[in-house]
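[1] okay, here's the prediction I keep looking at, along with the sequence it came from:
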Amino acid sequence: MNILKEQIKLSVAYPGWRSAIKKLKSNKNKKIFLFGTPMHGNLGDHAIAIQEQYFFEDFFPDYEYFEILMSMYHTQKKIIKNTVTPEDLVVISGGGWMGNLWIHNECVIREIVQNYPNNKIIILPQTIYYTSDELGEKEYRITNEILKKHSNLHIFVRERKSYNFIKQKFEFTGNSDVYLVPDMVLYGKNIITKGKCTGHEKVINVCIREDCESEQENIDDFYEKIKQNYNIRKVSTVIKSPVVLRKRIGELQKSWETFANAEITITDRLHAMLFSVLNGTPCIVLNNKTGKVFGVADWLDDTNMIVRANSLSEVLEKLKRTTIWEHKKYDREKLLNYFEKMAEVIRKD
């Protein structure tokens, strides 16, 4: 870990971090520490972080809320640890980084669980994925050995595949347990939604990932074929530069407007799917390596806005068969009871 590099990143993304640390050190109230929130350009992770903030503000107004950006954690972990009291809640941000695909983040989870043995620890809705090889088995065993020693660890996961894996493979002690709930972005507060779902462009948003989670082949060939018959717009939920904290909501709103202003979205990115549906735009979805896209899509089946495809060629077939894509306003009330139950688990002594 290059601490100097992390300090520079922190100063760029959050110039006021020193004041935040000073406020944290002087605060004597019950606190919620949300660890591991992003500064990088993945807007899906930023959408998770802002919904986590809304969730705690709504359900835990009696706690002081402190967001600990990942770089703040790496550079200030000793100071932060010295401010945490046993009555504080230690919370790890949700996302898709449990497992060995993003091992540097998995190591953060291990470290936090080890360093806060006397606190209730909450891992917000995650996807867990270990590769089916010797390395994946090795990393799983390391994590299991660490997590099973904590007696008050509560892991929320956002799809059944992760839930079943943890239930079958992880050992829990004391009050620790695992729970199945929606992705935090489906808390859905203050996300731009269309009123009458009209006025979108006659354009198809295409958002296909090209990283270690991708399962798609012949992507260039797909783009050539789809452009022959459709007006497409390549979009992404990842921007090139780090997201300055005070500009987080603005960057998210720009992305939401892009997904709202299209006829349909084609994607294998989880939060491109959610940004679309939450803003009233139907979506053809492909799965990714960890299975999280189809897994989280299960929460949205009753919206009738999700069409699953198993390959890019199948996407083209589904486009041919459907000429009108219905836009609908998303109803966030349908999943709110899951977040209410999550709050009950977190608050329970």
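    Here it is on my side, so go on. All of these numbers come straight from a predicted model, not from anything done at the bench. Numbers count the residues shown, from 1 in each chain.

[2] doesn't residue 97 belong to a strand?
    Yes: counting by DSSP: H, G, I helix; E, B strand; the rest coil, one finds residue 97 located in a strand.

[3] excluding covalently adjacent residues, which one is nearest to it?
    Excluding the flanking residues, the one nearest residue 97 by C-beta to C-beta, 6 or more residues apart in numbering is residue 105, at 3.9 Å. Backbone N, C-alpha and C define where each C-beta goes, glycine included.

[4] show the pLDDT at the one you found.
    pLDDT, residue 105: 96.

[5] quick check: buried residues in stretch 69-83?
    Neighbour-count burial for stretch 69-83 flags 69-77, 80, 83 (criterion: 16 or more other C-beta atoms under 10 Å).

[6] for the longest helix seen in the chain, packing partners?
    Selection of the longest helix in the chain by residue count, based on DSSP state H, yields helix 43-59. The elements that helix 43-59 packs onto, with contact taken as 3 or more C-beta pairs under 8 Å, 6 or more residues apart in numbering; DSSP states H and E, are strand 31-37, strand 64-69, strand 95-99, helix 248-260, helix 270-278, helix 336-347.

[7] just put those in TSV and tack on mean pLDDT and distance to residue 294.
    TSV is the format used below for these (pLDDT from 0 to 100; distance: least, C-beta to C-beta, whole Å):
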stretch	mean pLDDT	distance to residue 294
strand 31-37	98	25
strand 64-69	97	30
strand 95-99	95	13
helix 248-260	96	19
helix 270-278	97	10
helix 336-347	98	19
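
[8] among the ones you listed, which is the most enclosed?
    Using mean count of other C-beta atoms under 10 Å, the stretch among these with the largest mean neighbour count is helix 270-278, at a mean of 29.

[9] which residues outside it are in contact with it?
    43-44, 47-48, 96, 183, 185-186, 188, 191, 193, 205, 207, 235, 237, 255-256, 259, 262, 265, 267, 282-283, 285, 288, 292-293, 296-297, 300, 303, 305-306, 330, 332 (C-beta atoms under 8 Å, 6 or more residues apart in numbering).

[10] tell me how far residue 284 lies from residue 311.
    According to C-beta to C-beta, to the nearest Å, residue 284 and residue 311 sit 11 Å apart.

[11] okay, these two: which has more neighbours?
    residue 284 (24 against 15; other C-beta atoms under 10 Å).

[12] and that one, that one's in a strand?
    Yes: secondary structure of residue 284 (three-state DSSP): part of a strand.

[13] give me the beta-bridge partners of it?
    residue 266, residue 307 (DSSP bridges).

[14] wait, isn't it in contact with residue 263?
    No: assessed by C-beta atoms under 8 Å, residue 284 is found out of contact with residue 263, at 11.3 Å.

[15] name whatever forms a beta bridge with the residue nearest the centre of the chain.
    By C-alpha atoms, centre = their mean, the mean C-alpha position of the chain lies nearest to residue 95, the distance being 3.2 Å. The partner list for residue 95 in beta bridges (DSSP bridges) reads residue 126.

[16] which one is residue 188 nearest to, not counting chain neighbours?
    residue 332 (3.5 Å).

[17] how about residue 130?
    Closest to residue 130 by C-beta to C-beta, 6+ apart is residue 136, at 3.8 Å.

[18] could you say which helix or strand contains that neighbour?
    Assessed by DSSP states H and E, residue 136 sits inside helix 134-147.

[19] quick one: buried ones out of the contacts of helix 270-278?
    43-44, 47-48, 96, 183, 185-186, 188, 191, 193, 205, 207, 235, 237, 255-256, 259, 262, 265, 267, 282-283, 285, 288, 292-293, 296-297, 300, 303, 305-306, 330.

[20] just for this protein, where's the confidence low?
    193-199 (pLDDT under 70).

[21] show me where the stretch 151-300 of the chain has strands.
    Applying DSSP state E, counting those that start in this stretch to the stretch 151-300 of the chain gives strands spanning 153-157, 177-180, 204-207, 232-234, 264-267, 283-285.
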